[in-house]
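In: need coordinates for the following:
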Amino acid sequence: MTAHNSTTHTGTAAPATRPAAPMTMAAALNAAIRDAMVDDPSVVLFGEDVGPLGGVFRVTDGLYAEFGETRVSDSPLAESGIIGTAIGMAIYGLRPVVEMQFDAFSYPAFEQIVSHVAKMRNRTRGRIQLPIVIRIPYAGDIGGVEHHSDSSEAYWAATPGLTGVTPSNPADAYSMLREAIASDDPVIFMEPKSRYWSKAELALPVRTAPMNQAVVVREGADVTLIAYGPTVKTAIATAELASEEGLSIEVIDLRSLSPFDDETVSASVRKTSRAAVIHEAAQFGGYGAEVAARLTERNFYYLSAPILRITGFDIPYPSPKLEEYFLPTPDRILAALGTWEWS
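Out: Residues are numbered from 1 along each chain as shown. Just a heads-up that it's a prediction; the model follows:
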């Protein structure tokens, strides 16, 4: 099937601007997929239970009824097959948006993603592009059982040829997903499960900063907290708590893990001279290690203290009863900042 003979949209086109209304991240993602499908008949959606059910998190709710089974379809429980099919579709002119139902479910597709999705453009000297968006609900804080709360972002960020992004709020979720679907290169789009139900007032379509840019979400003078996805909210809560003690914390939302926005993050670190990275994944070999090393190399003479990492522990993700002890919290972050020599 090519882009030219895919089923065309028969529903009501999205108005140019919709009135502002409270919207969850899940609803913003749904709107982004729908609007992309309205605008471009080559965009197709498939994955496990994304059709009539609307996905386990209802991110794709209503899209099957609107666009039909030739553009929205359920797949077998075979993640490697999902990605292999997406590769073939992309080669023949479609723009697949696929869902890995949970973070750890993406591992059976690892070989396809790393060996083919990430390398195809380089292998063919640019003759073949793979405009594939791989949506991965990731991270914890939802009471999930084993294989349902992994933070696998370091795998994707360490793979050349992949763009890896993660929104932390509904506005970014919409804007970044639209940009990812429009990209001619493959994008790993990591959706923090614990933020699916966060709300914001949105008037769609909304355009935020380009998806490869970090943003300063809270200004501060004493410390830079670097966060992404689910930990941005934690970092902001930490900054609010610290302000009561007279500590001014700047919070950066990375948004893009690969590529990394050196300019924005380094500017903040040079201003405050102290920084800490927060993520849910285990610390050893985690994404924060790359961030700390990169910032130290570029800003060593501006630093007043070593860059800290406040993360999950070096264990497999724990059972739901224990995850509150595993995840970084404002109290744990402030305790870590207290280990610096302050002068």
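
In: count the neighbours of residue 132 for me.
Out: The tally of other residues near residue 132 (other CB atoms under 10 Å) stands at 25. Glycine gets a C-beta too; all of them are placed from N, C-alpha and C.

In: for residue 120, see how far away it is.
Out: Shown here: residue 132 relative to residue 120, a distance of 10 Å by CB to CB, to the nearest Å.

In: residue 55 too?
Out: Distance from residue 55 to residue 120, by CB to CB: 27 Å.

In: check residue 294 too.
Out: 27 Å.

In: so between those two, which is more surrounded?
Out: The neighbour count for residue 294 versus residue 120, taken as other CB under 10 Å, is higher for residue 120 (21 against 15).

In: so which elements touch the longest helix along the chain?
Out: Taking DSSP state H as the criterion, the chain has its longest helix at helix 25-39. Here helix 25-39 touches strand 43-47, helix 63-67, helix 170-182, going by 3 or more CB pairs under 8 Å, 6 or more residues apart in numbering; DSSP states H and E.

In: quick one: strands adjacent to the first one?
Out: Listed by DSSP bridges, the sheet partners of strand 43-47 and their directions read strand 72-74 (parallel), strand 95-99 (parallel).

In: so who does residue 57 touch?
Out: Residues near residue 57 by CB atoms under 8 Å, 6 or more residues apart in numbering: 26, 137, 193, 196.

In: part of a helix, is it?
Out: No: per DSSP: H, G, I helix; E, B strand; the rest coil, residue 57 lies outside any helix segment and is coil.

In: begin at 52, not 1, for the rest of this chat.
Out: Sure, I'll start numbering at 52, so the last one becomes residue 108.

In: turn the strands paired with strand 94-98 into a markdown table, including mean pLDDT and distance to residue 197.
Out: Listed next are the strands paired with strand 94-98 as a markdown table, based on pLDDT from 0 to 100; distance: least, CB to CB, whole Å:
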| stretch | mean pLDDT | distance to residue 197 |
| --- | --- | --- |
| strand 123-125 | 96 | 24 |
| strand 146-150 | 98 | 20 |
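
In: and among those strands, the most buried is which?
Out: Counting by mean count of other CB atoms under 10 Å, strand 146-150 has the highest mean neighbour count of the strands paired with strand 94-98, with a mean of 26.

In: chain neighbours aside, what residue packs nearest to residue 135?
Out: residue 163 (5.4 Å; CB to CB, 6 or more residues apart in numbering).

In: from what I can see that neighbour touches residue 136, true?
Out: No: with contacts counted by CB atoms under 8 Å, residue 163 stays clear of residue 136, the gap being 9.7 Å.

In: so what's the residue count around residue 127?
Out: Neighbour number of residue 127 under other CB under 10 Å is 9.

In: tell me the SS of it?
Out: Applying three-state DSSP: residue 127 is coil.

In: what residues are up against it?
Out: By CB under 8 Å, 6+ apart, the contact set of residue 127 is residue 99.

In: after the helix or strand that contains the residue nearest to residue 135, next one along is what?
Out: Counting by DSSP states H and E, the element that carries residue 163 is helix 161-163. Downstream of helix 161-163, the first helix or strand assigned by DSSP H and E is helix 171-174.

In: using PDB, list the CA coordinates for that following helix.
Out: Listed next in PDB are the C-alpha coordinates belonging to helix 171-174 (Å, rounded to 0.1, in the frame of the first residue of the first chain):
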ATOM      1  CA  MET A 171      18.400   2.800   7.000                       C
ATOM      2  CA  ARG A 172      19.000   6.400   6.000                       C
ATOM      3  CA  ASN A 173      22.800   6.100   6.500                       C
ATOM      4  CA  ARG A 174      22.900   2.700   4.900                       C
END
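
In: mean confidence score for it?
Out: On average, the pLDDT along helix 171-174 is 94.

In: show residues contacting that helix.
Out: With contacts defined as CB under 8 Å, 6+ apart, helix 171-174 is touched by 138, 179, 180, 181, 212, 236.

In: does the second one touch residue 144 like I think?
Out: The one in question is residue 179. No: Residue 179 lies out of contact with residue 144 (CB under 8 Å); the separation is 11.1 Å.

In: ok, residue 230 - contacts?
Out: Contact analysis of residue 230 by CB under 8 Å, 6+ apart lists 261, 262.

In: got any ranges where the protein has weak pLDDT?
Out: 52-66 (pLDDT under 70).

In: how is it partitioned into domains?
Out: With domains defined by automatic domain parsing, the chain comprises 72-253, 266-388.

In: what about residue 389, neighbour count?
Out: 9.

In: sorry, back to before: okay, and the common contacts of residue 183 and residue 171?
Out: residue 138.

In: the lengthiest strand in the chain: partners in the sheet, and parallel or antiparallel?
Out: Secondary structure of the chain per DSSP state E: the longest strand is strand 326-333. Taking DSSP bridges as the criterion, strand 326-333 forms sheet pairs with strand 274-278 (parallel), strand 359-363 (parallel).
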